[in-house]
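Student: please work out how this folds:
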Amino acid sequence: HLGNQAVQELLAGMQVGELDPRDVAGLAKELDTSDPYAREPAPHPALSVHYSKPVNAEIPPSLLMDSWITPNDIWDVRHHHPV
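Tutor: You can find the predicted model right below:
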């Protein structure tokens with residue numbers, strides 16, 4: 001539906017924000033179209049990564065009690081499907 005004016009008008013009222021330019025810059029790189037996980041975001045360096053494809057990572061125990069609120073950037077990443 002990219003470029004379809006009717007779709008753009010319909011969705012305009014549902015927009016909740018805009019992407020940060022730093023996030024958009026990462027989308028311009030050449031992707032391996034045969035890899036369904038090519039668009040996976042890189043996990044935060046503080047996470048303990050168990051698998052890279054698909055991403056399976058968790059907060060290290062040493063950071064669990066720093067705060068009762070987990071910051072978004074170190075939230076658990078555990079899934080088995082492409083983003």
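Student: longest helix in this protein, please.
Tutor: helix 5-12 (DSSP state H).
Student: from the chain's centroid, how far away is that one?
Tutor: With Cα atoms, centre = their mean, to the nearest Å as the basis, helix 5-12 stands 25 Å off its chain's centre.
Student: give me the buried positions along it.
Tutor: Within helix 5-12, no residue qualifies as buried by neighbour count (16 or more other Cβ atoms under 10 Å). For the C-beta atoms, the positions are set from N, CA and C on the backbone; glycine is no exception.
Student: count of neighbours near residue 50?
Tutor: Look at residue 50: counted by other Cβ atoms under 10 Å, it has 11 neighbours.
Student: what of residue 41?
Tutor: Neighbours of residue 41 (other Cβ under 10 Å): 10.
Student: and stretch 31-47, what's buried?
Tutor: Applying a neighbour-count criterion of 16+ other Cβ under 10 Å, one finds 40, 43, 47 buried in stretch 31-47.
Student: touching stretch 15-33 from outside, list them.
Tutor: 38-39 (Cβ atoms under 8 Å, 6 or more residues apart in numbering).
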